[in-house]
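> Sequence plus the predicted model coming up.
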Amino acid sequence: MPSSFVQSAAKSGEPGVGAERVVVTGGSGFVGRAVVRAFANRGNPVTVVDRVEPEIPEEHRHLVSHVPGDLTDPEVRDAAVTEGSAGIIHLAAITSVLRSVDKPTETFAENVEVTQGLLELARQRGLTRFVLASTNAVVGDIGYGTISERLPLRPLTPYGATKAACEMLLSGYTGAYGIATTALRFTNIYGPGMGHKDSFVPRLMRAALADEGVEVYGDGSQSRDFVHLDDVVRAIVASWDKQYSGTAVIGSGSSVSVLELIESVRAVTGKELPVTHVPAKNGEMPAVIVEVEKAKRELDYQPSVRFAEGLRTVWDDFRHVADGSVPAAT
Ligand SMILES: NC(=O)c1ccc[n+]([C@@H]2O[C@H](COP(=O)([O-])OP(=O)(O)OC[C@H]3O[C@@H](n4cnc5c(N)ncnc54)[C@H](O)[C@@H]3O)[C@@H](O)[C@H]2O)c1
C-alpha cells in the first residue's frame, strides 16, 4: 500500500539521503505524484517540473516546489535542473501509443529532445543520477515469448522508438560522463490516482461505477502484466539509492488474460460488468509476459502487491472521488 511503503521509507533514515534534491519531471501525473510523495516523505527536497500544477499536501509544502511550463521550452528545463540537485527522475512524456502514431514528430520532440536537453543540463550542472520511465514496448511484439532486457530493441511505434532512443542517450551519458542512468521498463502500471487515464483497468473501474458493460477486443485471451504503483515507486527509489546504471524490466512477473482481469475486477467491485466482444484491433500484441530477474538481482526488486489487493486500491480510489462522480479519461 502507498502509505505503508511511504512510512517504512521515512523510517529508513539512511545518512545523507534526506538532503538530496530530486527533480521529478511529470511529477503531477499518475506515477509522478506517488514518486514525489515517497521522496518527500523521507525528507528529500523535490522539484516538480510539469505543465500541470501539483497538489502538494500541507506536510510537504516546505519540501516540494513546482516549476511550471512545458519541458520542450529550454527555459523551463533550465529553471528546473538547478546546480546542487542530485539527479532527475524523468517521467514526463507523450505516453499514449495512439497519439505517438498520430504525431510522430511531436513525440520525438517531447520524448527524445527533452530527454537529451535534461541529460545535457545534468552533465553541465554536475547531477549524478538520471532515472527514465521506459517501457517494454522498446522490444516490440515477440508473441508468446518472455520479455527480458536481453532482447534486441525492435520498437513498432513512435512511442516505443522514442523510449528506445532515450535509453541509448542514457547509455551514452553513462559511458562518456559517468552519470548513473537507469532505464526502468514498466509493464502496465495500475494503482490509485489513475482516474484520468484511458487504459483498461480504469476503463473497467468506470464501467463498474456506472453499472455498465465493457467492450473486449477479440476473444479476450490476450494477456498482460499489470504492476502496482507501489512496486513501481519502490523500483524507482531503489534505482536512485543504488545509483544503478542499466536497464531493468519492472512488472509483476505474472500475466493475466483480459478475461481474467475482468473476472478479478468483478470480484473486487461486486459488479456484473457484461462483456461485448468486438473485432480485434490490428497489431494488438497477443501477450506481454515478462521476467523480472534482473531487477531482483540489481535492485532487490520484489513485486509484492497481489493483484486482487492492488485492484482493491484502485476501486477504493475510484469510489472515493470527492463528489462521487465518475473520473473522466483524458
Ligand atoms: N502508466 C503506465 O502504465 C506506464 C507504463 C510504461 C511506462 N510509463 C511511463 O511512465 C511515465 C509516467 O507515466 P504516467 O502514467 O504517470 O503518465 P501521466 O500522463 O499520468 O503523467 C505525465 C505527466 O507529465 C506531464 N508532462 C508530459 N509532457 C510534458 C511536457 N512536455 N512538459 C511538462 N510536463 C509534461 C503531464 O502534465 C503529466 O502530469 C511516462 O514516461 C510513461 O511513458 C507508464
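On my side now, so go ahead. Treat the numbers as computed from the prediction; the structure is a model and nothing was measured.

> all contacts plus neighbour counts: C-alpha atoms, from now on.
Will do.

> any chance you could map the helices in the stretch 151-300 of the chain?
For the stretch 151-300 of the chain, applying DSSP state H, counting those that start in this stretch gives helices covering 158-177, 200-209, 229-242, 258-269, 293-299.

> mind checking which of those is nearest the ligand?
helix 158-177 (7.8 Å; Cα to the nearest ligand atom).

> quick check: mean pLDDT across that closest one?
Average pLDDT, helix 158-177: 98.

> and what of stretch 229-249?
The pLDDT scores in stretch 229-249 average 98.

> And stretch 115-128, by the same measure?
On average, stretch 115-128 scores 98.

> Give me the contacts around it.
With contacts defined as Cα atoms under 8 Å, 6 or more residues apart in numbering, stretch 115-128 is touched by 74, 77-78, 81-88, 90, 130, 166, 169-170, 173, 177-180.

> Send me that stretch as PDB with only the CA atoms.
C-alpha atoms of stretch 115-128 as PDB (Å, rounded to 0.1, in the frame of the first residue of the first chain):
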ATOM      1  CA  THR A 115      15.500  13.800 -22.600                       C
ATOM      2  CA  GLN A 116      18.600  15.000 -24.400                       C
ATOM      3  CA  GLY A 117      18.100  18.500 -23.000                       C
ATOM      4  CA  LEU A 118      17.800  17.200 -19.500                       C
ATOM      5  CA  LEU A 119      20.800  14.900 -19.700                       C
ATOM      6  CA  GLU A 120      22.900  17.800 -21.000                       C
ATOM      7  CA  LEU A 121      21.900  20.000 -18.100                       C
ATOM      8  CA  ALA A 122      22.600  17.200 -15.700                       C
ATOM      9  CA  ARG A 123      26.100  16.900 -17.200                       C
ATOM     10  CA  GLN A 124      26.700  20.700 -17.200                       C
ATOM     11  CA  ARG A 125      25.500  21.100 -13.600                       C
ATOM     12  CA  GLY A 126      27.100  18.100 -12.000                       C
ATOM     13  CA  LEU A 127      24.000  16.000 -11.300                       C
ATOM     14  CA  THR A 128      25.000  12.400 -10.800                       C
END
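
> Strands along the protein, start to end?
Taking DSSP state E as the criterion, the chain carries its strands at 21-25, 46-50, 64-68, 85-90, 129-135, 146-147, 180-186, 188-190, 214-217, 223-228, 246-250, 255-257, 275-278, 289-290.

> that older thread, output the helices of the stretch 151-300 of the chain as a markdown table; include the columns mean neighbour count.
Below are these laid out as a markdown table (neighbours: other Cα atoms under 10 Å):
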| stretch | mean neighbour count |
| --- | --- |
| helix 158-177 | 20 |
| helix 200-209 | 22 |
| helix 229-242 | 22 |
| helix 258-269 | 18 |
| helix 293-299 | 17 |
